[in-house]
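Engineer: Sequence and predicted structure are below.
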Amino acid sequence: MSESNQNSLFSKATNWAAIAFLVYLVLVAVGTVSGGFKLASGGSAGAKEIFEFATNPFVALLLGALATALVQSSSTVTSVIVGLVAGGLPISIAIPMVMGANIGTTITNTLVSIGHIRSKEEFQRAFAASTVHDFFNLLAVAIFLPLEIMFGMLQKLAESLSHLFVGDADLSLKSYNFIKPLVKPAVNVIKDAVSFLDGKAIGIAMVVIGIALILFAVTTLGKLLKKALVGTAKELLHSAIGRGPVAGITSGAAVTIMVQSSSTTTSLMIPLAGSGVFNTRQIYPFTLGANIGTTITALLAATSISGAAAEVALTIALVHVMFNIFAVALIYGIPTLRELPLIMAEKLAKIGANNKPAALGYVLGSFFIVPGLIMMAVR
């Protein structure tokens, strides 16, 4: 074997070893957030008091959207939410937060589309392809959040499924959960490192460290996976988008699971749309698949939770999965609803192409200014 081949194999092995370590780090980080939240809040009663300002589902929705827009990663935010739910955050508050994360994650590909702003035609195509994701997620929330508030259907179904998978947490997880023994030593190291603090400050420090670790791990993991799988992902992207909606949705989910970032997946499509290789209607199903694929991170995070909290952590992760699957099935399955995001995206893109400051205003206003102002006003 030549020296260059050996170096290539070594580089690939090192890259995959780093990926495995970062997956472990995500599990440790979520466990740290969960443990820290319990210490800081004094259990479920304290958690309810801390999140009292977000008892309004609308505020929780905005909180999820704003947090995701700020860190540009729904994977990060949903992983944090899983940890917080395990620490006592009510599921009724966490569900709108998860829905908000779906809205906030669309900012990344919208920002990518602004890279085409020098060319009016390219920008219009790219902006339409990016904002169709925005409008789909907004429509999904407009339909499912009121239904959830009135009937709690996602929570009830997720609770039934999580109980089916977990069963009696005290019995099954002690016997079969192999995640806790893997992550507990690392979580204890972090806890010991901040033990010089007093009382609840230890828990707060653990939450901050856990969130920072999640942000670092998810961001770096996405970069390494893109490096490891970029060839496969690109080939899949080019070969699948034009084959119809089922292939597009499936491929979008598959690529997103590989790179663990819907932002990465959807951003890959924008240059293709801007250059005219694919139109918004062709890219639309692939975007919906990315919505489904990104739920893998929350499910992964839920595996790091053990004990009685495991079932509620899995519940919110399953809510994320079902919300995206049901939204795709309902909205894309009904022709009238299917067309709404396309019509709205194309109209907004036309306005943005003719008035570029309006496009920039849409990005800043929709994802940062308006949610921030509304949250402050409601609070």
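Structural biologist: Happy to help now that I have it.
Engineer: Just give me the neighbour total for residue 131.
Structural biologist: Residues within reach of residue 131, counting by other Cβ atoms under 10 Å, total 28. Just so you know, the C-beta spots here come from the backbone N, C-alpha and C atoms, and that holds for glycine as well.
Engineer: Using the three-state scheme, assign it.
Structural biologist: helix (DSSP: H, G, I helix; E, B strand; the rest coil).
Engineer: That one touches residue 343, doesn't it?
Structural biologist: No: under the criterion of Cβ atoms under 8 Å, residue 131 is not in contact with residue 343, lying 11.4 Å apart.
Engineer: Give me the common contacts of these two.
Structural biologist: Common neighbours of residue 131 and residue 343, using Cβ atoms under 8 Å, 6 or more residues apart in numbering, do not exist here.
Engineer: okay, which residue is most central for the chain?
Structural biologist: residue 74 (2.5 Å; Cα atoms, centre = their mean).
Engineer: ok now do that one, which residues does it touch?
Structural biologist: With Cβ under 8 Å, 6+ apart, residue 74 has these contacts: 68, 101, 102, 104, 105, 262, 263, 294.
Engineer: how close does the residue nearest to it when sequence neighbours are not counted get to residue 347?
Structural biologist: The shortest distance from residue 74 to any non-neighbouring residue, by Cβ to Cβ, 6 or more residues apart in numbering, is to residue 105 (3.6 Å). Going from residue 105 to residue 347 by Cβ to Cβ, to the nearest Å gives 22 Å.
Engineer: who does the one helix or strand residue 283 maps to touch, helix- and strand-wise?
Structural biologist: Counting by DSSP states H and E, the element that carries residue 283 is helix 280-293. Here helix 280-293 touches helix 120-151, helix 245-259, helix 262-274, helix 309-327, helix 335-354, going by 3 or more Cβ pairs under 8 Å, 6 or more residues apart in numbering; DSSP states H and E.
Engineer: Give me the buried positions along that helix.
Structural biologist: Neighbour counts over helix 280-293 (16 or more other Cβ atoms under 10 Å) mark 280, 282-293 as buried.
Engineer: and the helices and strands packed on helix 280-293 as JSON lines, adding distance to residue 97 and mean pLDDT?
Structural biologist: Listed next are the helices and strands packed on helix 280-293 as JSON lines, based on distance: least, Cβ to Cβ, whole Å; pLDDT from 0 to 100:
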{"stretch": "helix 120-151", "distance to residue 97": "11", "mean pLDDT": "94"}
{"stretch": "helix 245-259", "distance to residue 97": "20", "mean pLDDT": "83"}
{"stretch": "helix 262-274", "distance to residue 97": "17", "mean pLDDT": "77"}
{"stretch": "helix 309-327", "distance to residue 97": "9", "mean pLDDT": "91"}
{"stretch": "helix 335-354", "distance to residue 97": "22", "mean pLDDT": "95"}
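Engineer: Adding distance to residue 159, write those helices out as a markdown table.
Structural biologist: What follows is the helices and strands packed on helix 280-293, written out as a markdown table (distance: least, Cβ to Cβ, whole Å):
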| stretch | distance to residue 159 |
| --- | --- |
| helix 120-151 | 13 |
| helix 245-259 | 24 |
| helix 262-274 | 25 |
| helix 309-327 | 5 |
| helix 335-354 | 28 |
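Engineer: Determine which of these approaches residue 192 most closely.
Structural biologist: Closest to residue 192 of the helices and strands packed on helix 280-293 is helix 309-327 (Cβ to Cβ; 21.8 Å).
Engineer: Could you check the angle that closest one makes with helix 280-293?
Structural biologist: Here helix 309-327 points in a direction 170 degrees away from that of helix 280-293 (axes from the mean of the first three to the mean of the last three Cα atoms, to 10 degrees).
Engineer: Which elements pack onto helix 309-327?
Structural biologist: helix 74-87, helix 91-104, helix 120-151, helix 153-166, helix 169-176, helix 280-293, helix 296-302.
Engineer: which one of those is the most hemmed in?
Structural biologist: Mean neighbour count (mean count of other Cβ atoms under 10 Å) peaks for helix 74-87 among the helices and strands packed on helix 309-327, with a mean of 30.
Engineer: Appreciated, that's everything.
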